[in-house]
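1. Dropping the sequence and predicted coords here.
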Amino acid sequence: MPQIPYKTALVTGAYSGIGLSVVKALTEQGITVYALARRADRLNSLAKQTGAIPMVLDICDTDELYQQLTGLDVDILVSNAGLGVGSTPLHKASREEVTTAMNTNLLAAMHLINIIAPGMVARSKGHIIHLGSIAGLYPLFSSVYGASKGGIHMMCQNLRLELKATPIRCTEICPGRVETEFFEKHTKPLRWFRKL
């Protein structure tokens with residue numbers, strides 16, 4: 001079977017860490033990349049470096065997400081945006097930590113599929129890639145973060161079944177520790193774990 005060429009991509013969490021590396025790799029392959037994240041200054045810098053098209057957007061703003069992305073035809077969706085909020089033990093976590101972790105790490109990813117996948121199915125071309133985590137597969141340190149990434153894992157498992165009659169591919173990547181800005185910022189709260 002001949003390989004279908006992909007020409008466009010949407011990458012969330014695009015200006016740092018894994019997202020930044022993905023944007024660079026895709027643009028180097030000649031793919032038009034929509035780079036989505038919250039900070040305009042960093043996105044504009046990324047656009048100058050790579051030629052990616054910046055999209056300043058908070059993925060937790062569901063109304064804005066649907067308004068800005070509905071009708072955007074992309075061949076590759078890289079759902080990478082995520083937060084390490086939720087590292088606090090669940091019985092000590094604030095309401096805001098729980099809500100933010102689930103909205104950012106899981107619900108936004110589901111909304112992205114709801115927006116982008118119909119176009120992929122209509123065109124019979126597409127690849128959906130989610131950045132999960134080893135914390136979504138094995139118990140590590142956090143009920144809240146683990147639940148959000150565990151939700152990504154089960155969503156991907158079921159999405160493959162839902163899309164089996166189409167040529168749309170679904171990939172989940174579950175990194176362990178990766179030396180990124182995310183890792184540096186969000187492992188500091190885990191000092192409580194090391195004391196056990």
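-> Received, thanks.
2. for the longest helix seen in the chain, packing partners?
-> Longest helix in the chain by number of residues (criterion: DSSP state H): helix 143-162. Counting contacts by 3 or more Cβ pairs under 8 Å, 6 or more residues apart in numbering; DSSP states H and E, helix 143-162 is packed against helix 95-102, helix 108-123, strand 127-131, strand 169-173. (Each C-beta comes from the backbone N, C-alpha and C, glycine too.)
3. pLDDT of the first one, averaged?
-> Going back to what we said before, that points to helix 95-102. Mean per-residue pLDDT for helix 95-102: 92.
4. Same question for the second one.
-> Mean pLDDT, computed over helix 108-123, is 97.
5. buried sites along the longest helix of the chain?
-> Going by neighbour count (16 or more other Cβ atoms under 10 Å), the buried part of helix 143-162 is 143-153, 155-156, 159.
6. Can I get the helices and strands packed on helix 143-162 in a markdown table including distance to Val74 and mean neighbour count?
-> Output for the helices and strands packed on helix 143-162, formatted as a markdown table (distance: least, Cβ to Cβ, whole Å; neighbours: other Cβ atoms under 10 Å):
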| stretch | distance to Val74 | mean neighbour count |
| --- | --- | --- |
| helix 95-102 | 25 | 16 |
| helix 108-123 | 6 | 18 |
| strand 127-131 | 10 | 22 |
| strand 169-173 | 14 | 17 |
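7. of all the ones you listed, which lies closest to Tyr138?
-> strand 169-173 (14.3 Å; Cβ to Cβ).
8. I figured Ile168 hits Pro118, correct?
-> No: in this structure Ile168 lies outside contact range of Pro118 using Cβ atoms under 8 Å: 10.4 Å.
9. Relative to Arg123, how far out is the residue lying closest to Leu36 once chain neighbours are set aside?
-> Closest residue to Leu36 apart from its sequence neighbours, by Cβ to Cβ, 6 or more residues apart in numbering: Met55 at 4.3 Å. Distance of Met55 to Arg123, computed by Cβ to Cβ, to the nearest Å: 21 Å.
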